[in-house]
Structure formats: structure tokens, C-alpha cells
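Colleague: What would the 3D arrangement of this be:
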Amino acid sequence: MPEPTKIRRRSAVALAAATALAVLTGCGAADMTRQTSPYAAAGGAKTVTLSVQSWVGAQANTAVAGYLLEHELGYRVDTVQVDEVPAWDALSQGRVDAILEDWGHPEQLARYVERKKTVVDGGGLGVTGHIGWFVPTYFAQEHPDVTDWKNLDKYADEFRTAESRGKGQLLDGSPSYVTNDKALVRNLGLDLEVVFAGSEAAQITQIKQFAKERKPFLTYWYEPQWLFDRVPMTEVKLPEYAQGCDADAEKVACAYPHTPLRKYLNARFADGGGPAADFLKRFHWGVADQNEVALMIAEEKLSPQQAAQKWVERHEDVWRPWLG
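Modeller: Residues are numbered from 1 along each chain as shown. Now for the predicted structure:
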């Protein structure tokens, strides 16, 4: 596994439950740990609570896992959408039972897995995550040298927008995402301006509009992501990643790493959660599977439960082994 990345695709604290859940307020760890599901104290309740992140790939994980837990194993599944760092605090406290897609949080790993031992590694998800800079493939085919960061300034005028203050635009998602882009632009001496779309959904809207008009653009983006099936994009080669090259956020001048995504379980749940815990440890699928469900949610506008049902009906050979 590569050095854990500092990339944390963060969301505002929100609640998204299959059943009614108490409203969580605030985004700090203390606020999160004071809250819990109203079902948590129900004696003998066969309930699993999953943390779900805001991006659609993570929603796909939870939708399929939750559907199978309910329909094959007879559990009630609660889902809580919360910022990634407070989710680790909640996992440690037993407010949630599992995180199904973690992109690497070394501080939380050291605190809860190694020192407190309140969280355990639940195994790999089967998906490798990667963040990078991308241009539309139609533009890369016309200008092959744009895929080398050293040539980006040559195309800065073509990437310029009304928001980029006379420079080429590097489109990012939410300002709350932890990225290295501003430091990369500065340290590589590029004639670019980082412009935040505000959210994943807003960024997708802008990318799709650029593509519809066949305009050139440069964007921060990540894999796996269903949008590549709708807007083919080609990665720009940044200076090669080496372990520790991103240790100082102000001095970083290298590419983002490739990170095998992992699952984490509350330690008590991992030991005593019975079939549900065993199932989540075995939950393991590939990029194509995740993107298939994500595409149904984001593009076809199916509910997560509807998308999960369709995927489950098509892929019994994949999920049946998860049941043991």
C-alpha cells in the first residue's frame, strides 16, 4: 500500500438514512460523538450503522452492502453521511459500525487502530483511488503535448475563464477538499489559477458543459469515477510521486499517489457483529462494479436502493461469496 495520502474528500455534515435517524449537527468530532442513532439502544435490535461519504462512489458501496445486509441477512441498516475525520471518531465510539471507503487518514489510523485499538482494518475494498489533473481526451488527441505538466503554460490562454483572473483555470471541487493543487501550481511555477466549483455535483456540471461545447479544460479529478464513461479524460503527467514527497503541504511538487482504498470496522463490532461483520469484511468489488452502481445513481437518477437492487440482480456471482 502506498504512503497514505492526505487527500480527504470532505462533505458538510448531513444525514442520509434508509430509516429515520436523529439529525447530526456540526462537523466537529465532539459534536458527532454526542449523537447516535435512535435505534442504538433498542435491546436486541439487529441493526448495522454504516458511514457513507458524499461522493457517489462511496454511496454505491453503502447502497449495495446495505441492500444485501437487509435482504439476504435480515438486518436493518442505518446510514449516516458525515465528514471523514469525525466519522473515524464515531467509529471509535461505536456510533457507526463501519466505514467502507477510506482514502488514507494516517493520524486517525495511528490513533484508533494502532494506539487505542478501538478500530480495526476491515480489509481492502478492491478499488484503487487516484487523484490527478485531467484534460478532455478530445483536446489531448489534438494537442498530445498537453499531457506533460511542463507544457501546460502553453495552453493557459485556452484554459482561461471569467473566474481565473487572466490565468488558465484549474477546476477543483469543493474548497473543503484537502488537495495539493494551490501548492502544486505555485511550486511548479504554472500560469494557472485554482477555481473551486463548490461541490462534486457542481464540478460535474461544469465539466459536462465544457465537453458539450468541445471546449478545452483542465480539472482536478479522481478515479474511480463514473464520469469518465460520459466524458473521456486523459491525465496530465505531474512530477512522479515518491514516498514522502507530499509530507510538507506547502512544498509539495509531485503527483498524487495511487491509494488502495480500505474498509474499517469498530473493534467491538468486528469481534461480535456476527454475520454482518463477517459480510463487511468479505465485501470486495472492482472499479467496474462500483461505477455501474454510481452511474445509475448519478446519471440515471435511481435511488441508491433501486441501483443496488439492479446491480444485485445482475451480479450474483460477485456478491454471493460475501455471504460466506
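
Colleague: Can you point out the buried residues in the strand of greatest length in the chain?
Modeller: Using DSSP state E, we find that the single longest strand of the chain is strand 119-136. Buried residues in strand 119-136, defined by neighbour count with 16 or more other CB atoms under 10 Å: 119-120, 122, 125-136. Bear in mind the C-beta positions are built from the backbone N, C-alpha and C, glycine included.

Colleague: And the strands in the stretch 51-200 of the chain?
Modeller: All strands of the stretch 51-200 of the chain, identified by DSSP state E, counting those that start in this stretch, fall at 76-81, 98-102, 119-136, 168-172, 192-196.

Colleague: what mean pLDDT does the last one have?
Modeller: Model confidence over strand 192-196 averages 97 on the pLDDT scale.

Colleague: just stretch 205-224 next, same as before
Modeller: Per-residue scores along stretch 205-224 average to 96.

Colleague: re earlier: off-centre distance for the longest strand of the chain?
Modeller: 8 Å (CA atoms, centre = their mean, to the nearest Å).

Colleague: partners of that strand in the sheet?
Modeller: Strands that pair with strand 119-136, judged by DSSP bridges, come out as strand 218-223 (antiparallel), strand 233-236 (antiparallel), strand 258-266 (antiparallel).

Colleague: Need the ones you listed in JSON lines (columns: mean neighbour count and distance to A197).
Modeller: JSON lines is the format used below for the strands paired with strand 119-136 (neighbours: other CB atoms under 10 Å; distance: least, CB to CB, whole Å):
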{"stretch": "strand 218-223", "mean neighbour count": "22", "distance to A197": "9"}
{"stretch": "strand 233-236", "mean neighbour count": "18", "distance to A197": "15"}
{"stretch": "strand 258-266", "mean neighbour count": "21", "distance to A197": "23"}
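
Colleague: what about these, which gets the closest to W103?
Modeller: strand 258-266 (5.8 Å; CB to CB).

Colleague: Any stretches of the stretch 101-250 of the chain with poor pLDDT?
Modeller: 176-178 (pLDDT under 70).

Colleague: again, only using 90
Modeller: 103-107, 173-179, 198-201, 223-226, 229, 246-247, 249 (pLDDT under 90).

Colleague: now the end-to-end length of stretch 277-294.
Modeller: From its first residue to its last, stretch 277-294 covers 24 Å (CA to CA, to the nearest Å).

Colleague: on that earlier part again, redo the strands paired with strand 119-136 as TSV? Include distance to A298.
Modeller: Output for those, formatted as TSV (distance: least, CB to CB, whole Å):
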stretch	distance to A298
strand 218-223	14
strand 233-236	16
strand 258-266	19
